[in-house]
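Peer 1: next input, structure requested:
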Amino acid sequence: MNELQRWLGSSQILLKISCLLDFLYRMAPVLLLWLAVCLSGTWAVDRGNFKTCDQSAFCKRQRALKPGESPYRALLETMELTNTRLTLQLINDNNKVRLLLELYRLQGNITRVKINELKPLKPRYEVPDVLIREPPTEPLSLLSQDENGVVLSLGAESQRVIVSARPFRLDIMEGREVLMSLNSRGLLAFEHLRMRKDTFSYKVTSTVASVWDNIKRVFSSQADPEAEKKEEADPANQAEAAKEEEEKVEDVMWEETFKSHSDSKPNGPSAVSLDFSLPGVEHVYGIPEHADTLRLKTTDNGDPYRLYNLDVFQYELYNPMALYGAVPVMLAHNAQRTTGIFWLNAAETWVDISSNTAGKTVFGKMLDYVQGSSETPQTDVRWISESGIIDVFIMLGPTPNDVFSQYASLTGTQSFPPLASLGYHQCRWNYNDQEDVQSVDAGFDEHDIPYDFIWLDIEHTDGKRYFTWDPHKFATPKEMLQGLMDKKRKMVAIVDPHIKVDSNYKIHNEIRSRGFYIKNKDGGDYEGWCWPGSAGYPDFTRADMRAWWASMFAYDQYEGSMENLYTWNDMNEPSVFNGPEVTMHKDAMHGAWEHRDVHNLYGFYVQMATAEGLIQRSGGVERPFVLTRAFFAGSQRFGAVWTGDNAAEWDHLKISIPMCLSLGLVGISFCGADVGGFFKSPSTELLVRWYQTGAYQPFFRAHAHLDTPRREPWLFGPENTALIREAVRQRYTFMPYWYQQFYLAHRTGQPVMRPLWVEYPQDPATFALDDEFLIGRDLLVHPVTEEGARGVTAYLPGKDEVWFDIHTFQKHNGAQNLYIPVTMSSIPVFQRGGSIIPRKMRVRRSSSCMEHDPYTLYVALNPQRTAEGELYIDDGHTFNYEKKEFIHRRLSFANNVLSSVNLAPDAQFTTGSWIERIVILGASKPSKVTLKAADGQESQIEFEFDASMSVLTLRKPGMNSGADWTVTLQ
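Peer 2: Take a look at the predicted model:
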C-alpha cells in the first residue's frame, strides 16, 4: 500500500469519525436525558465507573513497594543550616537521582518538610493559594552532628528533630518520646521526571551519555585494571540495569487506559509517597470526604482512602471511595496528645492506614496487659500522590485546640456567614416557576414554619445557561426576589462551572474570546458533556479568569439578580458526564500544568471566585453565602459545603453525623446533609427524624431529586407537620448560640460541630463516638437515627460534671451512659452544667424578623454552682464587625451573682434587644433577686422557683443586651 492509499484510507476513517461526533453532538441532550432517566431508575452507584487502587497505575505501583530498607540516603556533607531552614540532599542509591530536602520550624509548634527533585527535568507543581500567607518561621539550631545524622532543636519543651543518614529517616521527639517518624518504614518514593525512552531526544541524550561513559571507562580501566570488574559488580549498577528492564515493561507509566478513556501521561511517572509512624496512637481522623465512620479504619485488607474529587452518584456507605471533596489533613489522638499531618498536594491521592493493634479484640488487649506485653500501640500512615512534590506540615499540638489553631494559621478559618444562612433552607430540583416559589413561600407562613432561604436548581435557567432565567417560567425574577425581600427572606440560585457551548450565549462567547477555557492536550478548548449538553470548563486556576467570573455577579451583569440572591456551586469537581470517572481528563491543560496536578483544587477556585463576586457586587460591604459541593483545604474561607447526593435511607441519616464531624476537624465547620435524602422518598418517620437531626447541624437544608414526590414540611399530615415545625422552631431559638459559635470558629479555627473527644481528650470512651456530638462546648446532641426507636443511649462525658435536658431541665451526672426513652417528638439535647446559653424564644417567619427581639439566658450551674458563657451581637450581614462594630460580652455566674461584662471595650455597636428572661438550672430558691444596672440603680426582679426541678426563672429583668449589669440572688 503506497502513502497515497494510506492517506486516503485514514481520511475516510476521519470523515466517518467526524460524522459520528457530529451525530453525538446533536444527540447530546437526548442522550443526557436518557442517562438521567437510567440513573434515576437505578438509584445506585456504579462502582465500575470509579477506579480502585489496582486500576490506578501509580497507586498500584507505589503500594507494591514493601516496607524495609529504603534506597534513600541523606548526604550530610550537603547540609546547609540558616536561621530559617535546613536544606539537605538525599540520594536514591538505586538510580542516583538526588532530591532536595527542606526543613522549617514554623511559628506555633509546626514543622514543615518539603522534598523535591534537586534538578527536575521541568518544574514540578507546588500548590498555590491554599496557604493564607508564607508561614512565618522560627530559628532552628544544631544540637549535634556526626556521620550518622544530625539533631536539631525545635525550641519549646525539649522538642527536637533527628535526621538519620543511612537510610534517610526523620524523627520528631519531645524528651525521650518519639512523637512522629517519617520514612521509618522506608516507603519514601519520588518518581523523578524523565524523558521517554522511545523519543528522539532521549535517544540522542542517552547515546551521548553512553559514549561519554565509554570514554570514562577506557581511561579509568587504563589507570586501574580492576575498575571495570568493580563497576560490573557494583550492586547499584546492577540495580540500575534491573530498573531499566522493569521500565521497558512498565508501558503504563507513559500511557494509561480506564474503560474507554486514555490518559496520555506526557510527563511519565511522577508519583510521590512518604510514610509516617505515630507511636502510641490508635485513633486517627480526618481526610474527608468519605462516607465512613469518624475514626478512620485500617486499610490493610482493602483499598486505601482515596482523595480525588468526583461526582459519585448515590454513594455507598462505609467504604474509602473518593467523594466530592478532598482535604488532605489527618488528626491523630491519644489521651496524652493530639497531632496533625497536612499533606499539601492537589493531585489524586491515596492514604493507607495500618495499626499493630488492628483486629485485636478488647479481650486480646486485656490479655496483652495481663501478660505484660510491651508492644506500644502504633498507627502507620502512608500518603501517595500522583504528581507534584512532597510538602507536609506536621502540627504538633499538643491539645486538639492547638492543632485547630495551627491548621487555621496555615489555611485560614471558617468564613463568618450571614446570620440568615444559619436558618432553615428550602430546596428541591426544581421549583417549577415563580408561582410555585410564591406558593411554597406562602405555605410556610400558613403553617407557621420559619425559613430564610428558598433555592432554585438548574431548571430555573434559560436552557442550562447559568447567569440567566427561563424567560417563561421566571420572566420577572426581580419581582419574585422583591416579594421575598418584603418578608425578609432570601433566595439561592445555582451557578455551575460548565458553560454551554452556544455562540448565542454571552458567557460562553466572553470566555472563549478571552481564552479562559481549559485546553485539551492538543491545545483546543476542552469540551465535555454536562447538564447543558456540550460544555466548556473555565480555567479557574487563572487569577484573571477568577476576576472576570467575579465581575459577572455584578447587578448590571447578572440580569434579574438582587442583593437577596445568593449562589450555589454544584458539579465543580468538575463533573464531566462523558469523562473518565465522570470527571475531566488528566491530560487536559491549565496553562503549563496538567489537570492531574490541580484536580482537587478546581472546586476550591470556583467557590473562591464566586464568593469574591458576591462581595464585589456590594462594594465589599456584604458577607457572601456560597454553597459548594467540591472542596479542598482552605475552602472554609469561602462558605458552606454539603455531603452531596445522599439517599432517603436511615443509614444515610446516620452517616451525616461522622461526615460533618470529619469536615469540622479539618476546618470546614459549615456542613450539612440534604434533609430527607436527595434520592428516593423518605417515610414520614425518617423525614421527621431527619429534620430533628438537621436542626442541630450547622447547615440546615432540605433538598430532593426531580423524580421524587414533593415533600414540603406540611404535606405529611397535621401531626408530622407539627413535629417538623417544632424541630425548625427549636433551630431558630438557638440562632444566637449558633451565630456565636460561628464567630468563635471564624476567630479561632475551632469546629462548631465537634466530636466529644475534642472537649474530653483524656476520656477514651469518647474517642470513637460518632452518633452524638457537641455544638461548641455546651450543647450535646444525640439524634434519634434508628427506625422505630423507643429509646437511645447517650454517653454524657465529664467526671464531676452535670448535664441538663434542655426540654425537661432534668439533671444528669456526667461520665455515664444514659438510656433515654424517646417518642416521635423527642430530640435528646443536653446543656452542660457550667454554661450560659443565650436564646431567642419569640420565633418569627425568618431570622431577620427576629433581629431586635429579646433574649432569654439559660444558666446551667455546675456542681460548684458556677457558670459562664458569651453573647455576641452585630448587624448579622456586613463586614462591619471587622471595624469593631459588634457587642461581645462575658456572662458569668458565681457566688450567687450573675453578671455581664464587656469583652471588647474598644468595639462600638448598639442593639435594641433586651433580656426578657433568665432561667437558672440547678438553682436554690432565693429570698429576693436584685438587678444592678450600669448606672448603679438597683431594682427588684420577679421570680418563680420550681422546687421539683430546681429551676429559678427571673421574669422581665429588662436590661439592654449590650449593657453592663449584675443580678444578685439573696
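Peer 1: okay, CA-based contacts and neighbour counts for the rest of this
Peer 2: Noted.
Peer 1: so who does the residue nearest to residue 501 when sequence neighbours are not counted touch?
Peer 2: Leaving aside its sequence neighbours, residue 501 sits nearest to residue 535 (C-alpha to C-alpha, 6 or more residues apart in numbering; 5.2 Å). With contact taken as C-alpha atoms under 8 Å, 6 or more residues apart in numbering, residue 535 is in contact with 498-501, 527-529.
Peer 1: okay, now the domains of this protein?
Peer 2: Taking the TED database as the domain assignment, the ranges for the chain are 72-190, 419-492+548-575+598-758, 854-969.
Peer 1: and the shortest one, how far out from the chain middle?
Peer 2: Okay, so that is domain 854-969. Chain-centre distance of domain 854-969: 36 Å, with C-alpha atoms, centre = their mean, to the nearest Å.
Peer 1: quick thing: my sequence starts at 381, can you match it?
Peer 2: Will do, 381 is the new start, and the previous item becomes domain 1234-1349.
Peer 1: quick one on the thing from earlier: show the pLDDT at the residue nearest to residue 881.
Peer 2: Residue 915 carries a pLDDT value of 98.
Peer 1: now the closest residue to residue 1210 other than its chain neighbours: how far from residue 1209?
Peer 2: Using C-alpha to C-alpha, 6+ apart and skipping the chain neighbours, the partner closest in space to residue 1210 is residue 1185 (4.5 Å). As for residue 1185, its distance to residue 1209 is 6 Å (criterion: C-alpha to C-alpha, to the nearest Å).
Peer 1: neighbour count: the two, which is higher?
Peer 2: Higher neighbour count among residue 1185 and residue 1209: residue 1209, with 21 against 17, using other C-alpha atoms under 10 Å.
Peer 1: identify the bridge partners of that one.
Peer 2: residue 1161 (DSSP bridges).
Peer 1: isn't it up against residue 1160?
Peer 2: Yes: if you go by C-alpha atoms under 8 Å, residue 1209 and residue 1160 touch, sitting 5.6 Å apart.
Peer 1: any buried residues in stretch 860-877, and which?
Peer 2: 860-862, 864-865, 868-877 (16 or more other C-alpha atoms under 10 Å).
Peer 1: least trustworthy helix or strand in this protein by mean pLDDT?
Peer 2: One helix or strand of the chain scores below all others by mean pLDDT, DSSP states H and E: helix 383-422, with a mean of 40.
Peer 1: most packed of the domains of the chain?
Peer 2: Most buried of the domains of the chain, by mean neighbour count (mean count of other C-alpha atoms under 10 Å): domain 799-872+928-955+978-1138, with a mean of 22.
Peer 1: and that one, average pLDDT?
Peer 2: For domain 799-872+928-955+978-1138, the mean per-residue pLDDT is 98.
Peer 1: then stretch 1242-1254?
Peer 2: Taken as a whole, stretch 1242-1254 has an average pLDDT of 98.
Peer 1: repeat that for stretch 1316-1331.
Peer 2: Stretch 1316-1331 comes out at a mean pLDDT of 97.
Peer 1: the strands in the stretch 831-980 of the chain, which residues?
Peer 2: Along the stretch 831-980 of the chain, counting by DSSP state E, counting those that start in this stretch, strands occupy 833-836, 870-874, 879-880, 907-910, 913-916, 945-949, 969-970, 973-974.
Peer 1: give me the helices and strands touching the fourth one, please.
Peer 2: It stands for strand 907-910. strand 913-916 (3 or more C-alpha pairs under 8 Å, 6 or more residues apart in numbering; DSSP states H and E).
Peer 1: dump the strand it packs on to PDB, restricted to CA.
Peer 2: In PDB, the C-alpha atoms belonging to strand 913-916 read as follows (Å, rounded to 0.1, in the frame of the first residue of the first chain):
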ATOM      1  CA  GLY A 913     -25.100  19.200  26.600                       C
ATOM      2  CA  SER A 914     -21.700  20.100  25.200                       C
ATOM      3  CA  ALA A 915     -19.900  22.400  27.700                       C
ATOM      4  CA  GLY A 916     -16.600  24.200  28.200                       C
END
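Peer 1: strands paired with it, and their directions?
Peer 2: Take DSSP bridges as the rule and strand 913-916 pairs in its sheet with strand 879-880 (antiparallel), strand 907-910 (antiparallel).
Peer 1: as JSON lines, those with mean pLDDT and distance to residue 1218 would be great.
Peer 2: As requested, those are exported to JSON lines (pLDDT from 0 to 100; distance: least, C-alpha to C-alpha, whole Å):
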{"stretch": "strand 879-880", "mean pLDDT": "98", "distance to residue 1218": "46"}
{"stretch": "strand 907-910", "mean pLDDT": "98", "distance to residue 1218": "46"}
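Peer 1: okay, the ones you listed, which one's buried deepest?
Peer 2: strand 879-880 (a mean of 27).
Peer 1: run through who's touching the helix or strand that comes right after the least confident helix or strand of the chain.
Peer 2: For helix 383-422, the following helix or strand on the C-terminal side (DSSP states H and E) is helix 437-443. Identification of contacts with helix 437-443 by C-alpha under 8 Å, 6+ apart yields 433-434, 569, 632-633, 636, 649, 651, 653, 730, 764-766.
Peer 1: try it again with 10 Å
Peer 2: Under the contact criterion C-alpha atoms under 10 Å, 6 or more residues apart in numbering, helix 437-443 has outside partners 431-434, 444, 567-571, 630, 632-633, 635-637, 649-653, 683-684, 728-732, 762-767.
Peer 1: end-to-end on stretch 1148-1159?
Peer 2: Start-to-end span of stretch 1148-1159 (C-alpha to C-alpha) is 19 Å.
Peer 1: which of the contacts of helix 437-443 count as buried?
Peer 2: If we count by 16+ other C-alpha under 10 Å, the contacts of helix 437-443 have these buried: 431-433, 567-571, 632-633, 635, 649-653, 683-684, 728-732, 762-767.
Peer 1: the stretch 431-580 of the chain: strands as residue ranges?
Peer 2: Remark: strands assigned in the stretch 431-580 of the chain by DSSP E, counting those that start in this stretch are 452-461, 465-472, 478-486, 490-497, 521-526, 529-533, 539-544, 549-554, 557-562, 569-570.
Peer 1: make CSV from those and add mean pLDDT to it.
Peer 2: Shown next, in CSV, are the strands of the stretch 431-580 of the chain (pLDDT from 0 to 100):
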stretch, mean pLDDT
strand 452-461, 98
strand 465-472, 98
strand 478-486, 98
strand 490-497, 98
strand 521-526, 95
strand 529-533, 96
strand 539-544, 96
strand 549-554, 97
strand 557-562, 97
strand 569-570, 98
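Peer 1: switch those strands over to TSV; also include distance to residue 1341.
Peer 2: Shown next, in TSV, are the strands of the stretch 431-580 of the chain (distance: least, C-alpha to C-alpha, whole Å):
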stretch	distance to residue 1341
strand 452-461	56
strand 465-472	51
strand 478-486	41
strand 490-497	40
strand 521-526	52
strand 529-533	50
strand 539-544	47
strand 549-554	47
strand 557-562	47
strand 569-570	60
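Peer 1: for residue 1297, find the nearest of these.
Peer 2: Of all these, it is strand 490-497 that lies closest to residue 1297, at 46.0 Å by C-alpha to C-alpha.
Peer 1: may I have that closest one as PDB, with CA atoms only?
Peer 2: Taking Å, rounded to 0.1, in the frame of the first residue of the first chain, the C-alpha atoms of strand 490-497 are listed here in PDB:
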ATOM      1  CA  ILE A 490       4.600  23.300  63.400                       C
ATOM      2  CA  THR A 491       7.300  21.600  61.400                       C
ATOM      3  CA  ARG A 492       7.300  21.800  57.600                       C
ATOM      4  CA  VAL A 493       9.100  19.200  55.400                       C
ATOM      5  CA  LYS A 494       9.500  19.700  51.700                       C
ATOM      6  CA  ILE A 495      11.100  17.200  49.300                       C
ATOM      7  CA  ASN A 496      11.600  18.000  45.600                       C
ATOM      8  CA  GLU A 497      13.900  16.800  42.900                       C
END
